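> My questions concern the predicted model and sequence given below.
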Amino acid sequence: MALIVTDPNPIARAEEILTPEALAFVEELHNRFAGTRTGLLKARTAKREQVARTGKLDFLPETQDVRKGTWAVAPAPKALLDRRVEMTGPATPAKMAINALNSGAKVWLADLEDASTPTWPNVIDALLNLRDAAAGTLRYTSPEGKKYTLRTDAPLAVVVARPRGWHMDERHLVIDGQPAVGALVDFGLHFFHTARQLISNGHGPYYYLPKMESHLEARLWNDVFVFAQDHLGIPQGTVRATVLIETIPAAFEMDEILYELRDHASGLNAGRWDYLFSIIKYFRDAGASFVLPDRATVAMTAPFMRAYTELLVKTCHHRGAFAMGGMAAVIPNRREPEVTAQAFAKVRADKTREANDGFDGSWVAHPDLVPICAEVFDSVLGSRPNQLDKQRPEVSVTAGQLLDVASADGQVTEAGLRLNLYVAVAYTAVWVSGNGAVAIHNLMEDAATAEISRSQVWQQIRNAVVLSDTGNTVTRELVETILAEETEKLRGEVGHETFEKFYLPASKLISDICLSEDYTDFLTTPAYELVG
């Protein structure tokens with residue numbers, strides 16, 4: 001076999017996932033599709049360079065017929081008709097997976113991507129947990145003897161798994177001397193081990209697809225789905241995919257992405273941090289008009305964010321697809337009930353805006369938020385499972401509106417710069433330690449938070465931004481000083497051994513990528529090199 005598993009026993013029961021048949025399937029996926037994936041990643045770079053030269057991004061003239069066509073995506077399967085609350089989180093450890101399935105949410109986004117560090121044990125454990133969940137055998141007993149089992153008094157959340165983005169490799173599977181494509185490893189092993197069981201459960205192999213930048217990347221996923229279904233003898237159209245519109249070029253290709261996946265498409269999702277991160281990445285050479293204020297002040301009500309979300313709802317419903325809202329990342333803090341109450345009020349207002357705009361459901365990061373999100377959507381949906389009938393014909397969005405970053409209210413402050421550096425180091429340190437879902441300041445953060453944080457710092461240095469609260473100019477020297485201070489603050493918050501092992505390397509990595517003349521496309525790529 002041309003495929004080599006560098007560590008066949010990362011955890012107990014790994015052999016149940018890394019079977020010869022499953023590995024042969026992953027190898028076939030890689031051989032068929034890795035070359036196209038590599039070409040598409042090169043196309044990303046070429047398009048970004050073109051935008052850097054022109055300062056413009058627009059709807060594609062060559063796909064105008066798709067946007068004007070009368071097509072629709074395939075009707076939703078029964079299991080995905082009602083998605084009003086979606087719980088998000090990693091599929092490892094088993095305790096978190098069980099809590100998500102038992103949360104009362106309609107859907108669980110089982111995350112093998114931004115909320116999960118792709119250590120080899122994590123990858124295999126997540127796949128084991130998802131296979132056991134499909135079989136109804138997932139259980140866990142804590143060291144203290146507390147037992148966690150799947151509930152039987154109410155429906156479990158429907159699993160929608162999120163594989164890694166096209167850019168990530170999996171170095172523990174080597175095919176013809178090259179690391180396997182992470183997305184194909186995640187999808188291939190999950191699909192091979194769970195598809196038939198999920199179908200017999202009345203569900204199916206359902207996926208969230210992250211980080212795409214073009215309809216051609218969606219076409220590749222569709223080709224993967226067609227091959228995988230044929231290979232396992234599963235009817236075409238059984239796979240369903242919801243695409244995260246979390247990059248700025250994808251926002252200009254919503255129709256086209258749904259069209260490419262139309263036999264397998266379920267909907268689109270409106271992210272926040274990744275979308276803002278992508279805007280900085282794409283327009284990092286475009287000058288001060290693309291400098292965002294402190295990230296905490298960039299609300300979904302900013303005109304350019306409203307344009308993005310309203311276009312998404314209109315596009316989805318026009319094509320019979322679901323529009324899924326963004327994340328409520330609050331973690332309740334029982335020691336600070338007033339802070340939690342204020343946060344819950346913001347969540348309620350955010351979900352109310354989404355429901356009234358026509359979204360069919362939304363994301364939460366903690367089980368305590370499920371009832372709030374459900375109550376809001378219940379009040380709008382009533383007895384309907386969704387609001388596909390809300391067509392939004394009055395919405396008309398231009399390229400200029402999508403790119404009107406300068407319309408965002410807010411300032412760039414030293415307090416915001418400090419927070420960005422603190423969060424970037426704190427998150428990266430925990431990610432490198434093996435945990436991709438991190439609680440920071442009563443918020444459940446994933447990689448997207450660190451990406452927007454470090455990207456803002458790089459952008460502010462590049463544009464010599466003047467901080468409104470201190471009058472200081474953001475320079476490499478100022479960032480080095482503040483980063484050192486925030487790193488010392490973290491030293492006082494964690495144990496010495498943990499700080500030396502994870503936080504110091506994380507601080508150096510954040511320094512390297514923030515101070516580099518060249519922009520690093522994904523923080524997780526160099527961070528992956530620090531993972532054992």
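Here it is on my side, so go on. Numbers count the residues shown, from 1 in each chain.

> which SS class is residue 86?
Assigned with DSSP: H, G, I helix; E, B strand; the rest coil, residue 86 falls in the strand class.

> Spatially nearest residue to it (excluding sequence neighbours)?
Nearest non-adjacent residue to residue 86, counting by C-beta to C-beta, 6 or more residues apart in numbering: residue 107, 4.2 Å away. Placement of C-beta: from N, CA and C, glycine included.

> Please tell me how far that neighbour sits from residue 4.
Residue 107 is 36 Å from residue 4, where distance means C-beta to C-beta, to the nearest Å.

> So between those two, which is more surrounded?
residue 107 (25 against 14; other C-beta atoms under 10 Å).

> these two touch, right, the residue nearest to residue 86 and residue 88?
No: Residue 107 sits out of contact with residue 88 when judged by C-beta atoms under 8 Å, with a separation of 9.1 Å.

> show me where pLDDT drops low in the stretch 1-150 of the chain?
1 (pLDDT under 70).

> so where do the strands sit in it?
Secondary structure of the stretch 1-150 of the chain (DSSP state E, counting those that start in this stretch): strands located at 3-5, 85-90, 107-111, 139-141, 147-149.

> Packing partners of the last one?
Put plainly, it is strand 147-149. Strand 147-149 sits against helix 94-101, strand 139-141, with contacts defined as 3 or more C-beta pairs under 8 Å, 6 or more residues apart in numbering; DSSP states H and E.

> JSON lines please, covering the ones you listed and showing distance to residue 198 and mean neighbour count.
Converted to JSON lines, those look like this (distance: least, C-beta to C-beta, whole Å; neighbours: other C-beta atoms under 10 Å):
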{"stretch": "helix 94-101", "distance to residue 198": "13", "mean neighbour count": "21"}
{"stretch": "strand 139-141", "distance to residue 198": "19", "mean neighbour count": "14"}
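
> Including distance to residue 314, could these go into a markdown table?
A markdown table is the format used below for these (distance: least, C-beta to C-beta, whole Å):
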| stretch | distance to residue 314 |
| --- | --- |
| helix 94-101 | 31 |
| strand 139-141 | 43 |
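
> Those: which one's closest to residue 83?
Smallest distance to residue 83 across those (C-beta to C-beta): 14.7 Å, for helix 94-101.

> For this protein, name the helix or strand with the lowest mean pLDDT.
The least trusted helix or strand in the chain, going by mean pLDDT, DSSP states H and E, turns out to be strand 443-445, with a mean of 79.

> So what touches it?
Outside strand 443-445, the residues within contact range by C-beta atoms under 8 Å, 6 or more residues apart in numbering are 89, 329-331, 365-366, 423, 427, 437-439, 449.

> Which of the residues you listed fall within helices?
Among the contacts of strand 443-445, the members falling in helices (DSSP state H) are 423, 427, 449.

> hmm, back to that, who wins for proximity to residue 203 among the strands of the stretch 1-150 of the chain?
Closest approach to residue 203 among the strands of the stretch 1-150 of the chain is made by strand 107-111 (10.3 Å; C-beta to C-beta).

> ok, and what's touching that closest one?
Strand 107-111 is contacted by residues 80, 83, 85-91, 97, 100-101, 126, 130, 157-162, 208, 361, 363, 436-437, 446 when judged by C-beta under 8 Å, 6+ apart.

> repeat for stretch 324-335
Applying C-beta under 8 Å, 6+ apart, the set of residues contacting stretch 324-335 from outside is 83, 86, 88, 242, 267-272, 300, 309, 339-340, 343-344, 346-347, 350-351, 354, 359-366, 368-369, 372-373, 439, 442-445.

> Could I get the contacting residues of residue 53?
With C-beta under 8 Å, 6+ apart, residue 53 has no contacts at all.

> measure residue 65 to residue 391 for me?
21 Å.

> Please identify which of the two sits among more neighbours.
Set side by side, residue 65 and residue 391 show more neighbours around residue 391, with 13 against 8, by other C-beta under 10 Å.

> so where's the stretch 251-400 of the chain shaky on pLDDT?
Ranges of the stretch 251-400 of the chain meeting pLDDT under 70: none found.

> Would you map the helices across it?
254-260, 273-282, 303-318, 337-357, 370-381, 399-402 (DSSP state H, counting those that start in this stretch).

> would you turn those into TSV with distance to residue 27?
Listed next are the helices of the stretch 251-400 of the chain as TSV, based on distance: least, C-beta to C-beta, whole Å:
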stretch	distance to residue 27
helix 254-260	25
helix 273-282	30
helix 303-318	36
helix 337-357	42
helix 370-381	40
helix 399-402	40
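
> Figure out which of those is closest to residue 480.
Comparing these by C-beta to C-beta, helix 273-282 comes nearest, at 20.5 Å.

> The closest one vs helix 303-318, what angle?
Put simply, helix 273-282 runs at 120 degrees to helix 303-318, going by axes from the mean of the first three to the mean of the last three C-alpha atoms, to 10 degrees.

> Who are the packing partners of helix 273-282?
Taking 3+ C-beta pairs under 8 Å, 6+ apart as contact, the helices and strands that helix 273-282 lies on are helix 20-54, helix 248-251, helix 447-462.

> go again using 6 Å as the cut-off
Under the contact criterion of 3 or more C-beta pairs under 6 Å, 6 or more residues apart in numbering; DSSP states H and E, the helices and strands touching helix 273-282 comprise helix 248-251, helix 447-462.

> Other residues contacting it?
Under the criterion C-beta atoms under 6 Å, 6 or more residues apart in numbering, residues 51, 246-248, 448-449, 451-452, 455, 459 lie in contact with helix 273-282.

> What of stretch 65-83?
Contact partners of stretch 65-83, identified using C-beta under 6 Å, 6+ apart, comprise 106-107, 158, 203, 237, 255-256, 258-259, 262-263, 265-266, 319-322, 360-361, 385.

> Among these, name the buried ones.
Buried members of the contacts of stretch 65-83, scored by 16 or more other C-beta atoms under 10 Å, are 106-107, 158, 203, 237, 255-256, 258-259, 262, 265-266, 319-322, 360-361, 385.

> possible to save the contacts of helix 273-282 as TSV with neighbour count and distance to residue 494?
TSV is the format used below for these (neighbours: other C-beta atoms under 10 Å; distance: C-beta to C-beta, whole Å):
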residue	neighbour count	distance to residue 494
51	18	40
246	25	30
247	25	33
248	24	35
448	25	23
449	25	18
451	25	22
452	26	23
455	27	25
459	24	28
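
> Which members of these are the farthest-apart pair?
Comparing every pair within these by C-beta to C-beta identifies 51 and 449 as the most remote, at 24.7 Å.

> list the buried ones in stretch 235-247?
237-247.

> Residue 172 should be in a strand, yeah?
Yes: assigned with three-state DSSP, residue 172 falls within a strand.

> ok so, going back, switch the helices and strands packed on helix 273-282 over to JSON lines, and while doing so, append distance to residue 288 to every line.
JSON lines is the format used below for these (distance: least, C-beta to C-beta, whole Å):
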{"stretch": "helix 248-251", "distance to residue 288": "18"}
{"stretch": "helix 447-462", "distance to residue 288": "10"}
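
> among those, which is nearest residue 398?
Set against residue 398 and scored by C-beta to C-beta, the helices and strands packed on helix 273-282 come closest in helix 248-251, at 12.1 Å.

> For that closest one, name the packing helices and strands.
helix 273-282.

> Bridging across strands, which residues link to residue 363?
Per DSSP bridges, the residues bridged to residue 363 are residue 86, residue 327.

> how much space is there between it and residue 439?
For residue 363, the distance to residue 439 - C-beta to C-beta - is 17 Å.

> Those two: which has the busier surroundings?
Shown here are residue 363 and residue 439; by other C-beta under 10 Å, residue 363 has more neighbours (24 against 16).

> ok, now how distant is the residue of the chain positioned farthest from its centre from residue 413?
Among residues of the chain, the one most distant from the C-alpha centroid is residue 471; the distance is 35.4 Å, by C-alpha atoms, centre = their mean. In this view, residue 471 and residue 413 are 11 Å apart by C-beta to C-beta.
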